[in-house]
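> Starting from these lines, generate the structure:
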Amino acid sequence: MLIQLDDILIDVHDSGTGPPVVLLHGWPDTKAVWRHQVAALLAAGYRVITPDLRGFGGSGRPTAVDAYTAPTMVGDLIGLLDHLAIDRAHLIGHDWGAAIGWLTAALAPDRVATLTALSVGHPAALRTAGWRQRELSWYMLLFQFPGVAEQWLRADNFRNLREWSSHPDIEAVAERLADPEALTASLNLYRAILPPNWLIDPPPPLPPVQAPVMGAWSSDDRALTEEAMTASAPYVAGPWRYERLDHVGHWMQLEAPEALNTLLLDFLGQHRGSTAARPAHPRSAARGHTRPFQQLRGS
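Alright, predicted model coming up:
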């Protein structure tokens, strides 16, 4: 279904009953990347919400780069919870979805029951993870160049993306990103939140995450180091749990769904009773939730 949130239409699938779980995808994916987790969570008695982030899938694709700032992305999530009358939810994020989950858990702790961060650690941990992480993050700088990045990615039927990413769903990804507007919209997330100065600027100050957090990293990830995840622990005031999946690539949801689902159900089961619903209220009432995020502008 399509949900209107202020200036954006968000395509979201909402199914099941029980404690709400929101699954947040990353680049260059859509909610379809969670198909194996949705089935497992529904079978375990959870309400499962899978949105397409703005700029991806069936959601709106603003053309302006500043439509993809960190406060905006977090505001979309808060607005979605408000629209669906969800007071607190379990957040499970991968890649950019994990980054959005970290920010939301830090700045809106009353809305997050637990956080599961897949692949991407706390923003401060990512920035201080050392030279190996800087080397693996080369593409983040490439993505800053409008036109150049798009040409590099789509050349020769997305050959560079195919060889670099080894994405398990690469045919569907290439078909989707063949639309020039879709490709540029997906890259705007990098251009708005990780401009070149992020390499030298200190990370924005964030309150410690109060919710229980599970971080999971896979040993064959080509973009992220283990240190960028394990170094997240000092930024978590609540219980911290770390899990490593060996011989699995970046898209653990697709490459090791059974192993990941076992971890998710175990972690969520320990905190199953920590969510509650509240009466729906207009989206306009949620705008105030974005005020604490202004400190992230320009990050």
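> pLDDT below threshold where in this structure?
276-299 (pLDDT under 70).
> Going by residue numbers, what spans are strands in it?
With strands called from DSSP state E, the chain shows them at 2-5, 8-15, 20-24, 47-51, 89-94, 112-118, 213-218, 240-245.
> Could you export those to CSV, including columns for mean neighbour count and distance to Asp169?
(Glycine included, C-beta is placed from N, CA and C.) Rendered in CSV, the data for the strands of the chain read as follows (neighbours: other C-beta atoms under 10 Å; distance: least, C-beta to C-beta, whole Å):
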stretch, mean neighbour count, distance to Asp169
strand 2-5, 16, 23
strand 8-15, 18, 17
strand 20-24, 26, 16
strand 47-51, 24, 15
strand 89-94, 28, 13
strand 112-118, 27, 16
strand 213-218, 25, 16
strand 240-245, 16, 18
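> wait, which of the ones you listed is closest to Glu150?
Closest approach to Glu150 among the strands of the chain is made by strand 8-15 (22.1 Å; C-beta to C-beta).
> who does the closest one touch, helix- and strand-wise?
Secondary-structure packing of strand 8-15 (3 or more C-beta pairs under 8 Å, 6 or more residues apart in numbering; DSSP states H and E): strand 2-5, helix 35-43, strand 47-51, helix 70-83.
> Compile these into CSV and extend it with columns for distance to Ser219.
Below are the helices and strands packed on strand 8-15 laid out as CSV (distance: least, C-beta to C-beta, whole Å):
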stretch, distance to Ser219
strand 2-5, 37
helix 35-43, 20
strand 47-51, 26
helix 70-83, 28
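> Looking at these, spot the one closest to Arg111.
helix 70-83 (5.9 Å).
> center of the protein - which residue?
Relative to the mean C-alpha position of the chain, the nearest C-alpha, by C-alpha atoms, centre = their mean, is the one of Gly97, at 0.3 Å.
> can I assume that one is in contact with Gly26?
Yes - using C-beta atoms under 8 Å, Gly97 makes contact with Gly26 at a distance of 5.0 Å.
> List the contacts of the closest residue to Ala106 other than its chain neighbours.
Closest residue to Ala106 apart from its sequence neighbours, by C-beta to C-beta, 6 or more residues apart in numbering: Leu206 at 4.2 Å. Leu206 makes contacts with 102-103, 106-107, 122-124, 235, as judged by C-beta atoms under 8 Å, 6 or more residues apart in numbering.
> again, but for Leu42
15-16, 48.
> ditto for Asn160
Contacts of Asn160 (C-beta under 8 Å, 6+ apart): 152-153.
> Number of residues surrounding Glu171?
11 (other C-beta atoms under 10 Å).
> ugh, wrong one, I meant Leu153
Each residue near Leu153 was counted by other C-beta under 10 Å, and the total is 23.
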